[in-house]
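Peer 1: What follows is a predicted protein model with its sequence.
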Amino acid sequence: MPITNRAVLIVSGGMDSCVLAHYYAAAGFQLHLLSFDYGQKHVKELTYAERYITDLRARYSNLEIMHDTIDLPIARLLADSDSALINTNRQMPHGHYTDDSMKATVVPYRNPNMLLQAATVAWNDHASVVAYAAHQGDYSQYPDCRKIFVDAFNTLLSVSMEGQQIEVESPFMRFTKAQIARLGATLQVPFELTWSCYEGGSDGLDDRHCGVCGTCVERYEAFRVAGVPDPTAYANDPEQYLHIPGRADQ
Ligand SMILES: [Zn+2]
């Protein structure tokens, strides 16, 4: 029988994942957190995942919080990939996300690959839930962040094995990133321990976010729209790429 208060969460080093972990911890779930090394340029994010998970364990010392990093070497077979996320020869697009620039960050079948690993761990843990932190802004270019994908994946799980019921959840699917920031602030999430930038501190950026890639601009905008203090050190001011609806100066 699955244990209903045990969840396996897919977490990167980013703010959405950190809020996801806090959300389930606050609800009292025992957690098995899984991070993936899939050849991403910004592998630095995994160091940040370690940091916020150490902090999470201290805050929720009543919970069992396990963390494992899974090596997913598919990306190494895709050296000529169109994705600037894993192909170091491709330039990361700058500026606010557009449909085209988001396309450059698609890694084929990334989420189904990760979710299948997570479901396997959930089976072994007798966990009832697998969750990941897709949000509304991921909808346009990432099909594996949409409801139709989650529903189809749950069907796949139910016909792949008999016995345990494991359900994939995507609780932030209808949230904007600003709403996730606001929820995180309510849960007192340590955003300073999270990492978003796709440049991953390369070219001397070290612990500074580049401030010009799509995910940096999205992060900056989320904090601004949410009215939540942004603890991020940006090497360049993301303000130059910002387009907030209703702002007079655009
Ligand atoms: Zn960046």
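Peer 2: Perfect, thanks for sending it. Residues are numbered from 1 along each chain as shown.

Peer 1: So the closest residue to residue 183 other than its chain neighbours versus the ion, what's the distance?
Peer 2: Among residues not flanking residue 183 along the chain, residue 19 sits closest, at 5.8 Å (CB to CB, 6 or more residues apart in numbering). For every residue, glycine as well, the C-beta is placed using N, CA and C. Using CB to the ion, to the nearest Å, residue 19 is found at 19 Å from the ion.

Peer 1: Tell me where this protein has strands.
Peer 2: 3-10, 30-37, 65-71, 127-131, 167-169 (DSSP state E).

Peer 1: Let me know which of those strands is the nearest to the ion.
Peer 2: The ion sits nearest to strand 30-37 of all those, at 19.2 Å, using CB to the ion.

Peer 1: what comes up buried for that closest one?
Peer 2: Residues of strand 30-37 classed as buried: 30-36 (neighbour count, 16 or more other CB atoms under 10 Å).

Peer 1: Those residues of this protein touching the ion, which are they?
Peer 2: Contacts of the chain with the ion, taken as CB under 5 Å from the ion, map to 197, 199, 210, 213, 216.

Peer 1: need the contact list for the second one.
Peer 2: Contact partners of residue 199, counting by CB atoms under 8 Å, 6 or more residues apart in numbering, are 41-42, 92, 205, 209-210, 213.

Peer 1: Of all the strands of the chain, which one is nearest residue 24?
Peer 2: Comparison of the strands of the chain against residue 24 by CB to CB identifies strand 3-10 as nearest, at 5.2 Å.

Peer 1: Can you give the distance from the closest one to the centre of its chain?
Peer 2: Centre-to-centre, strand 3-10 and its host chain are 17 Å apart (CA atoms, centre = their mean, to the nearest Å).
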